[in-house]
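In: Let me see the structure of the following:
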Amino acid sequence: MIIKLDLPRPEISHAVNLYWLKTMFSEFPTKNWKVNVLTSAFVGLAQNAEAEYKQACLYAEDLYIHSRKGGGFNLGSMHMMARRFENVISNTHRSVRAFTKLRGHKEAPPEFRDYLNANRPAFSADAIADRIRDMRNAIHHLDEKIGKGEIEKGQPVHVRLDGFEVPVPDSDQPNQTLMTYDRISLGPDVIFLGELCDWINEMGRQAEYIAAYEEVPVALEQPPPQGAPVTEIVISFQA
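Out: Numbers count the residues shown, from 1 in each chain. Take a look at the predicted model:
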């Protein structure tokens with residue numbers, strides 16, 4: 001089997017730092033402290049999601065690359081990778097909820113609500129928010145079932161790095177296959193890493209957009225930040 005890790009990386013540090021820099025000097029988006037707290041929660045949770053995502057990718061690389069050099073798999077990295085990806089989903093879900101509440105907050109100035117609603121990101125769409133919520137709920141309820149001893153035999157007990165396997169031509173190894181890991185799954189719930197990366201980048205873009213809010217708002221012209229180029233790592237070993 002040939003293993004390929006398709007691990008795009010989000011990058012929002014510059015965007016969120018612009019927001020934190022303004023709040024450091026008490027330049028909050030509005031004069032309502034409840035709205036400002038919720039805004040900071042949205043930005044902080046997005047930043048946490050990015051950090052957990054990057055850590056999960058490092059554990060994936062350790063599992064499939066570095067530990068292979070020692071002749072085996074580091075199972076500790078496998079479990080840590082799973083937990084990190086679960087944290088990503090949890091933080092992403094909470095960040096989406098915070099943003100959704102911001103867009104309709106009754107105590108927010110109407111101009112601020114209009115500003116947010118004029119630039120609605122994809123991650124706040126119901127179809128995407130529901131997918132993130134469904135995986136978050138699956139993780140949450142799974143922990144409850146494990147704690148109560150209600151887990152069924154053969155049922156997944158954590159999020160897993162997943163993908164697809166296809167045959168590849170190889171004259172020396174007739175049954176050779178290529179396995180590409182490019183998504184996470186928990187039972188029927190599946191989220192591709194590329195789209196998860198895009199959502200986190202969009203959150204960074206919103207943090208930058210919010211930081212630019214003024215009494216007479218001017219929409220930013222630059223496009224949302226793009227994720228880093230996809231990291232493709234190929235490992236080949238005998239099936």
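
In: helices or strands next to the helix or strand that contains Y115 in the packing?
Out: Assigned by DSSP states H and E, Y115 belongs to helix 110-117. When contacts are defined as 3 or more CB pairs under 8 Å, 6 or more residues apart in numbering; DSSP states H and E, helix 110-117 sits against helix 75-103. The way it works is simple: take the backbone N, C-alpha and C, and place the C-beta from them, glycine included.

In: Pull the strand or helix carrying Y19 out as CSV, backbone CA atoms only.
Out: Per DSSP H and E: Y19 is located in helix 13-24. Coordinates of each C-alpha in helix 13-24 appear next as CSV, following Å, rounded to 0.1, in the frame of the first residue of the first chain:
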residue,chain,number,x,y,z
SER,A,13,-2.9,34.2,12.7
HIS,A,14,-2.4,37.6,10.9
ALA,A,15,-6.2,38.1,10.7
VAL,A,16,-7.0,37.4,14.3
ASN,A,17,-4.0,39.4,15.5
LEU,A,18,-5.5,42.4,13.9
TYR,A,19,-8.6,42.0,15.9
TRP,A,20,-6.7,41.3,19.2
LEU,A,21,-4.5,44.3,18.6
LYS,A,22,-7.4,46.7,18.3
THR,A,23,-9.1,45.3,21.4
MET,A,24,-5.9,45.7,23.4
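
In: List the buried residues for that helix?
Out: By neighbour count on 16 or more other CB atoms under 10 Å, the buried set for helix 13-24 is 15-16, 18-19, 22.

In: starting at the chain centroid, how far to the helix or strand just after it?
Out: Sequence order places helix 33-61 as the next helix or strand after helix 13-24, per DSSP H and E. Taking CA atoms, centre = their mean, to the nearest Å, one finds helix 33-61 lying 9 Å from the centre of the chain it belongs to.

In: ok, now which ones touch the closest residue to W20 other than its chain neighbours?
Out: The spatially closest residue to W20, leaving aside those adjacent along the chain, is V43, at 7.5 Å (CB to CB, 6 or more residues apart in numbering). V43 sits next to 16, 19-20, 203, 207, 210 when contact means CB atoms under 8 Å, 6 or more residues apart in numbering.

In: ok, now I89?
Out: Neighbouring residues of I89 by CB under 8 Å, 6+ apart: 132, 135-136, 139, 159, 184, 191.

In: what's the burial count for S95?
Out: The number of residues packed near S95 is 26, by other CB atoms under 10 Å.

In: Toward the C-terminus from the helix holding Y115, list the very next helix or strand.
Out: Downstream of helix 110-117, the next assigned helix or strand under DSSP H and E is helix 126-148.

In: Which other helices and strands does that next one contact?
Out: Going by 3+ CB pairs under 8 Å, 6+ apart, helix 126-148 lies up against helix 75-103, strand 177-186, strand 189-192.

In: Show me what stretch 105-114 is in contact with.
Out: With contacts defined as CB under 8 Å, 6+ apart, stretch 105-114 is touched by 29-32, 34-35, 38, 102-104, 213, 215, 217.

In: now do 10 Å
Out: With contact meaning CB atoms under 10 Å, 6 or more residues apart in numbering, stretch 105-114 is reached by 29-36, 38-39, 101-104, 115-116, 210, 213-217.

In: Can you pull out the low-pLDDT segments for this structure?
Out: 67-73, 215-239 (pLDDT under 70).

In: Point to the residue nearest the middle of the protein.
Out: For the chain, L196 is the residue whose C-alpha lies nearest the centre (CA atoms, centre = their mean; 4.5 Å).
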